[in-house]
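> Return atomic coordinates for the entry below.
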Amino acid sequence: MESYPEKMWRFPCSYRENLLIVAALMLGGLAAQLVIGPFDYFFLHYPVNVVLGALILLLALLGRPFSRAPLFRWLGSVPWAVSLILGLMVLSLIMGLTPRLLHLPPEPDFFLRLGLAQMTSCWPFVLIYLLILLSLALVTVRRLRFKRGGLLFFLNHGGLWLLMAAAGLGAADLRRHVMYVNEGQVEWRVYGENKEVLELPLAIRLDDFDLDFYSPKLALVDRHSGRPQPEGRPDWHQIDPGRVDGRLGQWEIRVLEYIHQAVPGEGGGYREIPMPASTPAAHVLARNLASGEIRQGWVLSGNRYVPLSLLALDDNLVVAMTQPEPRRFSSKIKVYTREGQEREAALEVNHPLKIGPWMIYQYGYDQASGRLSPYSSFELVYDPWLLPVQAGLILLAAGALGLIWQGRRRRAAV
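Presented below is the predicted three-dimensional model:
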């Protein structure tokens, strides 16, 4: 029998037609990117994002009684959903392989004008994302059944829709600020992107700032150039209570005494007093392996109150102590909100404080001053869509557990 090729563009559309439509949408988005410019994602800030999400849900609800209509059948079909997902995968792959730019240069080249270095504000990405939300909503509402299988389908697909909608549409409402607070003072102002002063609906009082360091290192330094020796590959001796001996170049190093928080004492020595003005100090004995010469003295990294101290070895080399690296820094704060809430907390890195829609993170301090830093800085993240994102994750987890339980029951029945 003579066979004829299947005609294209006949309903229902196959994967081939849907893939071509998605490709055409992506090319059209690139054309819009060149003509109109990047999509202003902040256009979707509240209440626009809420209205847009409600319209998508309304279209999905309207599609339930008209599920047999060609348009709604196509938008909720599996080939269309798979084609959109493939398009999103291609864009995500490009995003992962392309360095991301926050701001375009004054005269961007053709590749940058396509928006591929700013994918989340690129028209093809926005179009595919919105169509996926619509397709997922149509499928979820159409398959909603008050039965076990229908409920699990709703938990998985409804949770995914809520997660994608809240994370994508809610991104326009996300705000990040860095606040600098002096110790003993209250601050509620930050600088905006254009260096304008913004007043936030919460204030922070810094009660105390604490900083702890790792033990510093010793190094040979050229007293004329100030560079560690040998140049290019300098030697370091990590000060460690369990390791007193070491070697720097042709010199054997022994740490006779180490004080982590030292201040000058009587008689030219040092004593340990935990206070902001203290500095690490090491009593070092150095012996030249070739000549047997011995040098001995105190070596300090120093700060603005305790002067730097070096151990001279010869006319060219000295033993110096590196500035210690911070191990932990924390701030004791009290937060006030416009609604009358008050919260006290000890902030550390990776241990933020959540108060309402705000997350407060320990951000930094004056590194040049060290323990004497007059301020502590905090990153404040405003994310009112965090709860919907968490709700979507909970629905997805519940749906996954339900599928596992259902699968075990079926295997047990067999």
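
> Tell me if Gly29 really is in a strand.
No - judged by DSSP: H, G, I helix; E, B strand; the rest coil, Gly29 forms no part of a strand; its state is helix.

> per-residue confidence for it?
For Gly29, the pLDDT comes out at 92.

> which residues touch it?
Cys122, Trp123, Pro124, Phe125, Val126, Leu127, Ile128 (CB atoms under 8 Å, 6 or more residues apart in numbering). Using the backbone N, CA and C atoms, a C-beta is placed for each residue, glycine as well.

> List of residues touching stretch 49-59?
With CB under 8 Å, 6+ apart as the criterion, stretch 49-59 contacts Leu44, Leu130, Leu133, Leu134, Ala137, Leu138, Val141, Ala165, Leu169, Gly170, Ala172, Asp173.

> which among those residues end up buried?
Buried by 16 or more other CB atoms under 10 Å: Leu44, Leu133, Leu134, Ala137, Leu138, Val141, Ala165, Leu169, Gly170, Ala172, Asp173, out of these.

> From the residues you listed, which land in helices?
Leu133, Leu134, Ala137, Leu138, Val141, Ala165, Leu169 (DSSP state H).

> Is it possible to get TSV of those that adds pLDDT and distance to Leu300?
Listed next are those as TSV, based on pLDDT from 0 to 100; distance: CB to CB, whole Å:
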residue	pLDDT	distance to Leu300
Leu133	95	62
Leu134	94	67
Ala137	93	66
Leu138	92	71
Val141	88	71
Ala165	94	58
Leu169	91	56
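
> ok, those residues vs Ala24, which is closest?
Leu134 (17.2 Å; CB to CB).

> what's the closest residue to that closest one other than its chain neighbours sitting at in phi/psi?
Excluding its sequence neighbours, the residue lying closest to Leu134 (CB to CB, 6 or more residues apart in numbering) is Ile56, at 5.4 Å. Backbone torsions of Ile56, given as degrees, to the nearest 10, read phi -60, psi -40.

> how near is Ile56 to Leu138?
9 Å (CB to CB, to the nearest Å).

> again, but for Lys195
For Lys195 relative to Leu138 (CB to CB), the value is 46 Å.

> Report the contact partners of Tyr129.
Per CB under 8 Å, 6+ apart, neighbours of Tyr129: Leu88, Met164, Gly168.

> Okay, buried residues for the helix or strand in which the first one is found please.
So the one you mean is Leu88. Element membership for Leu88 (DSSP states H and E) is helix 78-97. Residues of helix 78-97 classed as buried: Pro79, Trp80, Ala81, Ser83, Leu84, Leu86, Gly87, Leu88, Leu91, Ile94, Met95 (neighbour count, 16+ other CB under 10 Å).

> Repeat that for stretch 300-319.
Buried residues in stretch 300-319 (16+ other CB under 10 Å): Leu300, Ser301, Gly302, Asn303, Val306, Ser309, Leu310, Leu311, Leu313, Leu317, Val318, Val319.
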